[in-house]
Each structure stands twice: as C-alpha cells, then as structure tokens.
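Peer 1: sequence and predicted structure are below.
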Amino acid sequence: MLLTRIKGPRDLDRLSQEELERLAAEIRTFLVDAVSKTGGHLGPNLGVVELTIALHRVFDSPKDKVLFDTGHQAYVHKLLTGRQDFAGLRTKGGLSGYPSRAESEHDVIENSHASTVLGWADGFAKANEVLGKEDHHVAAVIGDGALTGGMAWEALNNIAAAKDRPLVIVVNDNERSYGPTIGGLANHLATLRTTDGYERFLARGKDLLERTPVVGKPLYETLHGAKKGLKDFIAPQGMFEDLGLKYIGPIDGHDIEALESALQRAKRFSGPVIVHCLTQKGRGYEPAVQDEADRFHAVGVIHPDTGLPVSTDAASWTSVFADEMVKLGKERKDIVAITAAMLQPVGLKKFADAYPDRIFDVGIAEQHGATSAAGLASGGAHPVFAVYATFLNRAFDQVLMDVALHKCGVTFVLDRAGVTGTDGASHNGMWDMSILQVVPGLRLAAPRDAEQLRAQLNEAVLVKDAPTVVRFSKGVVGPAVPAVGRIGGMDVLRRPAEEVTRPDVLLVSVGALAPMCLEIADLLDKQGISTTVVDPRWVKPVDEALAPLADRHRVVVTVEDNSRAGGVGSAVAQALRDAGVDVPLRDFGIPQRFLDHATRKEVMAEIGLTAPDIARQVTGLVAKLDGRYDSEPAAAVD
C-alpha cells in the first residue's frame, strides 16, 4: 500500500499523479474502515482527501503553517504526518479527534470551535513579517460553514488590510457545516459554484491555447490565475476581491493537479489570496453521500458496508428535548427556535419539520443568535436557542448585555453539558454554570431525568422577563429519579434511613448526577453517616429554603459536573454565608484544567468524580468533626 510508505509530508513529493490518485483512494478506504470501528468525524474527512494531499505537497509543514478550521477535518492531515494508528481514535491514550500539539509538530492549533482559524493565520502571517521569515508561509483551511461566523469576517477585514502580507486562505466549500450552509454568504458561494459559463469558456480556451505552440500554455496559466481576468465578466466572485483579496477558483477540490496548480500560484503571490475549492462531504462513501441530514458528519460505531449503527441507543437527552419542543410548539404559537448551524445535533429537526416558519438557523454565529433572540423576545416571541454548552461561551457578552440587561424572555437550552469525553478539552461543557452565575436575573435549571427535563423546559418558557437556561448531558438519559418530598422549590430525593435530630450530611445533587449522589448516600449510610439528598432543580438563584435546611445538618456537600471555580458549590457557599449559616461545606466538581479525550466514565474516574471517591472524602470530613468529641477513626469506604 502507498499509505504505509507515507511517514511524513515530504514522502508525497516522490509520488506521480497516478500514485497520488491511488493514495487518495487508499485513504478513503482506510478512513471508512477505521472510523466505522471507533466512531468519529467521517464525512468531513472523506471530503478533503485530495485537498490535504495537495496542501502538503505545496507547503512545507511544519516550517509552513497548515491550519484547519475546524479540526474535525484533520484526519487526513494526521495520516500524512505519520499517524496511521487509528485503533484508539478518540479513546483514552489514543489519537485525538482534532489536531493535538502533544501528538505532532505538524499540529499547530488545537481549534475545534469554528471560525477561529483566520485569526490564527493573521497572527502567524504578522509574526513572519515582523521576524523577517520571508521563506515561511501560512495556509488556513476554512469550511464554508465556518465563514458564517463573525470572527471569520473580523479576521478577513484585518487580513485584507495588509495587501503585501502573504497568506493563503483555502475555502473548503462543500455547501455544508453539519447540514446545508445557510445565509447570504452561502448564496453567494452557491452562485460561484453554479456559474459554469466561465468554466465552459475556460475549458474550450484551454484546449485552444494548449494547442498553440510556445506561448499557449503560459498564456492559459496567466488567464486562469489573473486577479482581474476573464472570470470578472462571467462569475460574481467580486465580493472577495472588493475586500482586497486575490481570488482563485472555483477549483475542483478532488483534482489534485488542479489544486496544486492553484495553491502554487497562491503561494507565490505577495499578498493574501483566497483559493475557493469545491468539495463533496462524504466523498467516495455512498452511505455518507446519500445521508441528507449531515453526510455522516460524525458517526458512532457503524457497519462499514451499510453505514448503519451497530447498536441502537436508548432515548437520549437530546431526543427528549426534541419531542418536548414539538409539543410546546403546538401549544404556543409564540415559541420559536434558534440553532447555530446544528439543527440535527441539538434536536431541533423535528420542530423544524413541524413548524418550518418558526425555526431560524443563524449559521455558526452564536453571538448573533443570542442577540437576535433578544430581538425576537422583545418583538413578542419566546425564542428557544439550543446550543452545545461549550459553544455558549462564545456568546457570553450577548447573554449578559443584550438578553439579561434588557430583561428578555429567552430560553437557552444547553446540550452536552458537563463532561462529554471523547471530543476532548474543547467540547466538555464544564464552564456554563460558572460563567452564567454572574448574569443578573438569569435562572438556570439542571434536570436530573427525562421527566424533569420536560417539566423544567415548560417552566423556563413561562418566564418572560429574564433569560432562562436548561442544561443537560450528552448521551442516554437515565431512569427516572423520583422525589420523596419537597422543601421550597427543591426535590428531596432521600431522607436519612433513621430519624435523627441533626443529620450528618446535606448532599446537594446537581442535574444528571442524581443517581451517583444516591449511591454516595448509600455508601455513607453503611458507615453510619446519615444523609439527606436534595435536587435544587433550579440551581440559580440558590433556593431560599436551602440555607435553613443546611443549618439543620452538620456538613453540606455539593456535587456538580461543572468547574468547581465559580460553580454551584461556590454559589451555595455564598448563599450560606449571606444567611449567616456556619456549616462546613465541601464542593465536588471538575478541576480547573483542560481534560484529555476519553470516555465520560474514564474522565469522571480520573478527576475523582465518582461515588466511592466522594463518599471516602465525605467520610473523612465527618470523621474530623467527630474527632472533636471522640478519637475513634472512621471506617474506610469500600
């Protein structure tokens, strides 16, 4: 196999065009076989095989910086830079699903949030200029979906201002982010894709010119790469050139020879250049090509021949939300939904099918989505903006200054909250309950099961004068966790096994960690430690009934799948201080560090967020309190 001979990018230099085409076919076969076993981002990588080969033939990585936005289209890049063991892809100790500096010097940035690469590229190009690195180049690959993000256009504005600073921007145009790309930019690119008059004219001209002795081929190359050439009269690519950016394309993104020619011209140019490449997401794998939803953007373990899942999961948190949104849409005509280019992943496809006039896909533009939601709310609608928890970080200012300041009734639904695992550091939703604590008036719900998700979503959309947030985990929703009572707005999930005047521990359980908290209580009970378990349901603001309840216990323990810094535990501690309740408090959550990719269970074990780990520490805390009165050591927790 040719692929096994590729240990680094320069090994590509020795291959003929025929061999390069064979290599592309081998890579596609490899990707389908490998990713079907582990799951991962399949469709995007099948679409960039030839483009990545051409990039590494033209540019000299790692001296030249080859950057990807987003990193989920970097599997081919990994293969061509010596990483061909995909057996552990996205698993603990195996390859990351995104570029990783720890893996290779060829991985420059670890970006897995979209629309950032042009800012990085601008910085690298400026550094080359300042440090006199004239023989260093920067090539940034950005998907057409990522160009819907505001950061991309902020960067383009700066890049275009430096007419003599070399930088190659490769637009990987496959008409999709997850689903089909939407918006004005998408329409413009579609016009470029479908204006074939130029291509037909150029094809005829190529035949004629290449038959012309001596000057024919050079003249063709000149016309094909001209800044203001024939295409100006036939295809509307002027938007990019009006910004001051040289434009080359559209180029067939699956023609290695054409790609190399375009990239070489761009590399030789002394200023910023856009190379517009047309690619097909899922290329070469029929099940992906036929998948209209997202062309197998990301898959679990599948049968490689059919593309069908090996196993069918039980109901997920996302599917419960999806069904409840359809129900809400039927009951209330003012309910509208917003997605940031992720209609299917966040569960809004059913709502879109049922109410196509009440769904708004803003593209990969979370900031705009939040502010647009404020406008919708002020106009009389109640928007539900569904987004991954980690992606809401990008819209914090808009949540604070547009939605909250204006007391707008907007509901944010945060999917993939807490530890998500296999996608790695950038995708863990571990910051939302910290950053949102500082937003005045905002109310935040953390449902523990499907029933509570439905109930709290309904409660959230009733709020008209403040932002509300409902957050839930990734994956399968667990069994129902019934309440045995209620105190204030909090559900009591467990009372001490025996009646005691002052129970030892008040355990505050946040969201989906309720089953684990009940397990902790069982372990403590075996040590003779009496425990009350409560679910606040709404963790912001802290329920007024919590402080008096805490005062009737010896120790308060909070357990959350969010950063410990500024999270629910911190808010509870502040509420107790404000109420003058002087009870020891121990907060358990995610430590302040970026977490490597692994399964959720493995990550939770690594950070000590498991029932035995927590029960052991709580036992030690109670033992210290008991030590004030007797010296017997506490028994260990199994």
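Peer 2: All right, it came through fine.

Peer 1: so which helix or strand of the chain has the lowest pLDDT on average?
Peer 2: helix 231-234 (a mean of 42; mean pLDDT, DSSP states H and E).

Peer 1: quick one: contacts for P62?
Peer 2: By C-beta atoms under 8 Å, 6 or more residues apart in numbering, the residues touching P62 are 105-106, 108. For glycine as for every other residue, the C-beta is placed from the backbone atoms N, C-alpha and C.

Peer 1: now do the buried residues in the longest helix along the chain.
Peer 2: Criterion DSSP state H: the longest helix present in the chain is helix 17-38. Buried residues in helix 17-38, defined by neighbour count with 16 or more other C-beta atoms under 10 Å: 20-21, 23-24, 26-28, 30-32, 34-36, 38.

Peer 1: what's it packed up against?
Peer 2: Judged by 3 or more C-beta pairs under 8 Å, 6 or more residues apart in numbering; DSSP states H and E, helix 17-38 is in contact with helix 43-46, helix 49-58, helix 75-80, helix 256-268.

Peer 1: can you list contacts of the last one?
Peer 2: Applying C-beta under 8 Å, 6+ apart, the external contacts of helix 256-268 come out as 17, 20-21, 24, 50-51, 53-55, 57-59, 137, 139, 166, 168, 170, 221, 225, 246, 248-249, 251-253, 273, 275, 277.

Peer 1: so which of the helices and strands packed on helix 17-38 comes closest to G93?
Peer 2: In terms of C-beta to C-beta, the element of the helices and strands packed on helix 17-38 nearest to G93 is helix 75-80, at 15.6 Å.

Peer 1: how far away from the center of its chain is that closest one?
Peer 2: Relative to the centre of its chain, helix 75-80 is centred 20 Å away, using C-alpha atoms, centre = their mean, to the nearest Å.

Peer 1: what of stretch 142-150?
Peer 2: 14 Å.

Peer 1: just the endpoints, please. Distance across it?
Peer 2: Stretch 142-150 stretches 13 Å from its first residue to its last (C-alpha to C-alpha, to the nearest Å).

Peer 1: rank the helices and strands packed on helix 17-38 by pLDDT, which is bottom?
Peer 2: Here the lowest mean pLDDT among the helices and strands packed on helix 17-38 goes to helix 43-46, at a mean of 92.

Peer 1: elements contacting that helix?
Peer 2: Right, helix 43-46 is packed against helix 17-38 by 3+ C-beta pairs under 8 Å, 6+ apart.

Peer 1: send the alpha carbons of the helix it packs on over as PDB?
Peer 2: Output in PDB follows, covering the C-alpha atoms of helix 17-38 (Å, rounded to 0.1, in the frame of the first residue of the first chain):
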ATOM      1  CA  GLN A  17      -0.100  11.900 -10.200                       C
ATOM      2  CA  GLU A  18      -1.300   8.400 -10.800                       C
ATOM      3  CA  GLU A  19       0.100   7.300  -7.500                       C
ATOM      4  CA  LEU A  20      -1.400  10.300  -5.700                       C
ATOM      5  CA  GLU A  21      -4.800   9.300  -7.000                       C
ATOM      6  CA  ARG A  22      -4.300   5.700  -5.800                       C
ATOM      7  CA  LEU A  23      -3.200   7.200  -2.400                       C
ATOM      8  CA  ALA A  24      -6.400   9.200  -2.200                       C
ATOM      9  CA  ALA A  25      -8.500   6.000  -2.800                       C
ATOM     10  CA  GLU A  26      -6.500   4.100  -0.100                       C
ATOM     11  CA  ILE A  27      -7.000   6.900   2.400                       C
ATOM     12  CA  ARG A  28     -10.800   6.900   1.800                       C
ATOM     13  CA  THR A  29     -10.800   3.100   2.300                       C
ATOM     14  CA  PHE A  30      -8.700   3.500   5.500                       C
ATOM     15  CA  LEU A  31     -11.000   6.200   6.900                       C
ATOM     16  CA  VAL A  32     -14.200   4.200   6.400                       C
ATOM     17  CA  ASP A  33     -12.700   1.100   7.900                       C
ATOM     18  CA  ALA A  34     -11.100   2.800  10.900                       C
ATOM     19  CA  VAL A  35     -13.800   5.300  11.800                       C
ATOM     20  CA  SER A  36     -16.500   2.700  11.500                       C
ATOM     21  CA  LYS A  37     -14.800   0.800  14.400                       C
ATOM     22  CA  THR A  38     -14.400   3.800  16.700                       C
END
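
Peer 1: V275: what secondary structure?
Peer 2: Put simply, V275 is strand when judged by DSSP: H, G, I helix; E, B strand; the rest coil.

Peer 1: isn't it up against K246?
Peer 2: No: applying C-beta atoms under 8 Å as the test, V275 and K246 come out as separate, 9.3 Å apart.

Peer 1: more neighbours: those two, which one.
Peer 2: Between V275 and K246, counting by other C-beta atoms under 10 Å, V275 is the more crowded of the two (27 against 22).

Peer 1: enumerate every residue touching that one.
Peer 2: Counting by C-beta under 8 Å, 6+ apart, V275 has contacts 168-171, 248-249, 251, 262-263, 266.

Peer 1: could you measure from the closest residue to R358 other than its chain neighbours over to Y355?
Peer 2: Residue nearest to R358 in three dimensions, not counting chain neighbours: V336, with 4.5 Å by C-beta to C-beta, 6 or more residues apart in numbering. To Y355, V336 is 8 Å away according to C-beta to C-beta, to the nearest Å.

Peer 1: and the two? which has more neighbours close in?
Peer 2: More crowded of V336 and Y355, by other C-beta under 10 Å: V336, with 21 against 17.

Peer 1: hang on, that one in a helix?
Peer 2: No: remark: V336 does not belong to a helix; assigned using three-state DSSP, it is strand.

Peer 1: of the contacts of V275, which is the most crowded?
Peer 2: Of the contacts of V275, with other C-beta under 10 Å as the count, V170 tops at 32 neighbours.

Peer 1: ok so, going back, out of the contacts of V275, show me where the pLDDT dips lowest.
Peer 2: The member of the contacts of V275 with the lowest pLDDT is G249, at 87.

Peer 1: helix, strand or coil for it?
Peer 2: Put simply, G249 is strand when judged by three-state DSSP.

Peer 1: excluding chain neighbours, what is closest to it?
Peer 2: Nearest non-adjacent residue to G249, counting by C-beta to C-beta, 6+ apart: H276, 3.0 Å away.

Peer 1: would you agree that neighbour is in contact with K246?
Peer 2: No: applying C-beta under 8 Å, one finds H276 not in contact with K246, separated by 11.2 Å.

Peer 1: do a quick rundown of the helices in the stretch 351-500 of the chain.
Peer 2: 366-378, 389-392, 396-398, 432-435, 450-460 (DSSP state H, counting those that start in this stretch).

Peer 1: may I see the buried residues of the first one?
Peer 2: This points to helix 366-378. 366-374, 376-377.

Peer 1: CA atoms only: put it into CSV for me.
Peer 2: Written as CSV, here are the backbone C-alpha positions of helix 366-378 (Å, rounded to 0.1, in the frame of the first residue of the first chain):
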residue,chain,number,x,y,z
GLU,A,366,-23.7,32.1,18.4
GLN,A,367,-23.2,35.8,19.2
HIS,A,368,-25.6,36.9,16.6
GLY,A,369,-28.0,34.1,17.6
ALA,A,370,-28.2,35.4,21.2
THR,A,371,-28.8,39.0,20.2
SER,A,372,-31.3,38.0,17.5
ALA,A,373,-33.1,36.1,20.2
ALA,A,374,-33.3,39.2,22.3
GLY,A,375,-34.9,41.0,19.4
LEU,A,376,-37.4,38.1,18.9
ALA,A,377,-38.3,38.2,22.6
SER,A,378,-38.7,42.0,22.5
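
Peer 1: could you dump the buried residues of helix 17-38 into JSON lines and include pLDDT and distance to Q452?
Peer 2: Below are the buried residues of helix 17-38 laid out as JSON lines (pLDDT from 0 to 100; distance: C-beta to C-beta, whole Å):
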{"residue": "L20", "pLDDT": "96", "distance to Q452": "55"}
{"residue": "E21", "pLDDT": "96", "distance to Q452": "55"}
{"residue": "L23", "pLDDT": "96", "distance to Q452": "52"}
{"residue": "A24", "pLDDT": "96", "distance to Q452": "50"}
{"residue": "E26", "pLDDT": "96", "distance to Q452": "50"}
{"residue": "I27", "pLDDT": "95", "distance to Q452": "46"}
{"residue": "R28", "pLDDT": "95", "distance to Q452": "44"}
{"residue": "F30", "pLDDT": "94", "distance to Q452": "44"}
{"residue": "L31", "pLDDT": "94", "distance to Q452": "40"}
{"residue": "V32", "pLDDT": "94", "distance to Q452": "40"}
{"residue": "A34", "pLDDT": "92", "distance to Q452": "39"}
{"residue": "V35", "pLDDT": "93", "distance to Q452": "35"}
{"residue": "S36", "pLDDT": "92", "distance to Q452": "36"}
{"residue": "T38", "pLDDT": "91", "distance to Q452": "33"}
